[in-house]
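>>> Provided below are the primary sequence and the corresponding predicted coordinates.
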Amino acid sequence: MMIFWRAVITCLCLIGSRVDLPSTSPKENIHPVVILGSGISGQTAALNLLRGGLTPLIIEGPDAGGVLKQSPQIENWPGEKKISGWELVSKIRTQIEELGAQFLPAEVVDIDFSQRPYKVFVQNSIDAKPQVILAENCIIAMGSSPRRLHIPGEEKFWTNGVYNCALCDGGFFHQQKVAVVGGGDSAIIEADYLSNIAQEVYLIVRRDMLKGHGTARFQNLAKKPNVTVLYNTQIEKILETDGEMVGIEIQDVKNHVTRPLLVKALFEAIGHVPNTAIFQGKLPLDPEGYIRLKRGNETSLSGVFAVGDIAHPLIKQALNAASSGANAAIQILHDHGSSQTIAHLMKKDRAPSQGSSVGLLEVSNPQEMETILQETKTPVFVDFYAPWCGPCRYLMPLLEEKSSVLQGKIRIVKVNVDRQHELTEKYQIRSMPTLILFDRHGKEIAKKQGYTTIQGILQKLETMENSDDIDRYLNSLQ
């Protein structure tokens, strides 16, 4: 799950129809509803608005699909005995895309609620271009962000050994030793998922009992031979050797004895904080930073609604988040009586869907990869991606386009990290998307991350015709 946007970021997901918005503010560019966030609450709000005749603009945010997509298994969604969070948000997204939902890959950086239409200031996730969006109504569905331990080494190895999503990053540590820290249901879920991948899982609990200690899920987890629960234990720091994470230092909170625990990865499941920093002084917040609601899901400002985890700190369930999104949409539709009263403000000039296609060869096994590198007569670029990774979905169309343009100069292939564990480990892939550059002799030149960086390399190659110039340029990227 992963660096390239997790930090910017991080890992995703899912690309839908996109629109390019001008920085000017003519009347025809006022959107009837702008949804800030693309998690399950925001998507459910969009579903109800679309069925009611309003087309909202959904600003995806830095983590497309929201935190729910990190859940490996959901068992309390009506009609689904078991479904992963990724599958659930993907299904809803497909549904609203078919109804004409508009998605903008951008992050909200500021907002002006001083008058209607409200001004939403965003930064495009692909090219960092700033934009101003006008909204008659706003639904805030920006969720929450994971808490951090704030221990030595955590920031250095964030997304490179320290993670907050087992579903996203657990596959990198097949048959290795890992640790999970946390004291509630989230920690149990993370440890349970990892127990099916890793050689050994240590669940680190600061207190003498987990909040979900009596649940059937924990009881099943405790029976697994590769799971060890360490109670009354806290993590002091990340251990490293030669710049690589090799484990963690843990301390018994009763006798204060410390010892090393050799693990390849640490997964943090210690709760979340609401993403309300930009709303300080603009909307009433409670002492914990959650948005206060006045009427249903409406805030103190007319036409501004808050849904999901950003306004509901107690009940953090997919069903509750979806319900709040639906309620906000219904309030908007009810308040405006007929969708036509404001729908005319928006010109539906949508670009076609830009989801990932299948133009690039996908490497099916390590032997095929070896053959490609041995037989190549041009440099080879290998894109390590995952279907659930949002940044990967943004990058894929660019790679497919440039693969055609640069045919004969370079070859681009892709590797699914969920399927090719051996290749992922061989090339030490610890974040996505990662593009590895090989020369025309099959020798690894460099690893590159970041849409803008990769785009710049490909554009530079377009200007080169001579193979010697190409080789010199690629070698300069080492």
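Sure, I can see it. A quick note: this is a predicted structure, and the numbers were derived from the prediction, not measured. Residues are numbered from 1 along each chain as shown.
>>> state the distance from residue 237 to residue 198.
22 Å (C-beta to C-beta, to the nearest Å). All C-beta atoms are positioned from the backbone trio N, CA, C, and that covers glycine.
>>> settle it for me: which of those two has more neighbours?
Between residue 237 and residue 198, residue 198 has the larger neighbour count (other C-beta atoms under 10 Å), namely 26 against 16.
>>> quick one: contacts for the more buried one?
170, 173, 174, 175, 176, 177, 178, 226 (C-beta atoms under 8 Å, 6 or more residues apart in numbering).
>>> buried among the residues you listed? Make that a PyMOL selection.
Of the contacts of residue 198, the buried ones go into a single PyMOL selection, burial set by 16 or more other C-beta atoms under 10 Å:
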select buried, resi 170+173+177+178
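>>> tell me the one of the contacts of residue 198 nearest residue 424?
Set against residue 424, the nearest of the contacts of residue 198 by C-beta to C-beta is residue 174 (8.1 Å).
>>> helices along the stretch 351-478 of the chain, start to end?
Taking DSSP state H, counting those that start in this stretch as the test, the helices found in the stretch 351-478 of the chain are 366-375, 390-405, 421-426, 451-462, 467-475.
>>> so which of the ones you listed is the most surrounded?
Ranked by mean neighbour count, the helices of the stretch 351-478 of the chain are led by helix 390-405 with a mean of 21 (mean count of other C-beta atoms under 10 Å).
>>> where in this protein is pLDDT low?
Of all residues in the chain, those with pLDDT under 70 make up the ranges 1-28, 212-214, 313-316, 336-358, 388, 390.
>>> so who does the spatially closest residue to residue 165 that is not a sequence neighbour touch?
Residue nearest to residue 165 in three dimensions, not counting chain neighbours: residue 70, with 4.2 Å by C-beta to C-beta, 6 or more residues apart in numbering. Residue 70 makes contacts with 1, 85, 164, 165, 166, 167, 168, as judged by C-beta under 8 Å, 6+ apart.
>>> what of residue 258?
Residue 258 neighbours (C-beta under 8 Å, 6+ apart): 236, 249, 250, 251, 252.
>>> residue 306 is nearest to which of the helices of the stretch 351-478 of the chain?
Taking C-beta to C-beta, helix 390-405 is the member of the helices of the stretch 351-478 of the chain nearest to residue 306, at 23.1 Å.
>>> tell me what the host helix or strand of residue 319 is packed against?
Element membership for residue 319, per DSSP states H and E: helix 318-335. Applying 3 or more C-beta pairs under 8 Å, 6 or more residues apart in numbering; DSSP states H and E, one finds that helix 318-335 makes contact with helix 40-51, strand 138-140, strand 304-306.
>>> now do the buried residues in it.
318, 320-333.
>>> ok, residue 208 - contacts?
Per C-beta under 8 Å, 6+ apart, neighbours of residue 208: 231, 232.
>>> roughly how far apart are it and residue 231?
Residue 208 is 5 Å from residue 231, by C-beta to C-beta.
>>> returning to that earlier point: kindly reformat the contacts of residue 198 as TSV containing secondary structure and distance to residue 459.
As requested, the contacts of residue 198 are arranged in TSV below (DSSP: H, G, I helix; E, B strand; the rest coil; distance: C-beta to C-beta, whole Å):
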residue	secondary structure	distance to residue 459
170	helix	35
173	helix	35
174	coil	36
175	coil	40
176	coil	38
177	strand	42
178	strand	39
226	coil	47
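>>> in a markdown table, list the contacts of residue 198 along with distance to residue 373.
Shown next, in a markdown table, are the contacts of residue 198 (distance: C-beta to C-beta, whole Å):
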| residue | distance to residue 373 |
| --- | --- |
| 170 | 28 |
| 173 | 25 |
| 174 | 23 |
| 175 | 25 |
| 176 | 26 |
| 177 | 31 |
| 178 | 30 |
| 226 | 35 |
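>>> and which of the contacts of residue 198 is nearest residue 377?
residue 174 (33.3 Å).
>>> now that closest one: phi and psi?
Dihedral angles of residue 174 (phi, psi; degrees, to the nearest 10) stand at phi -60, psi 130.
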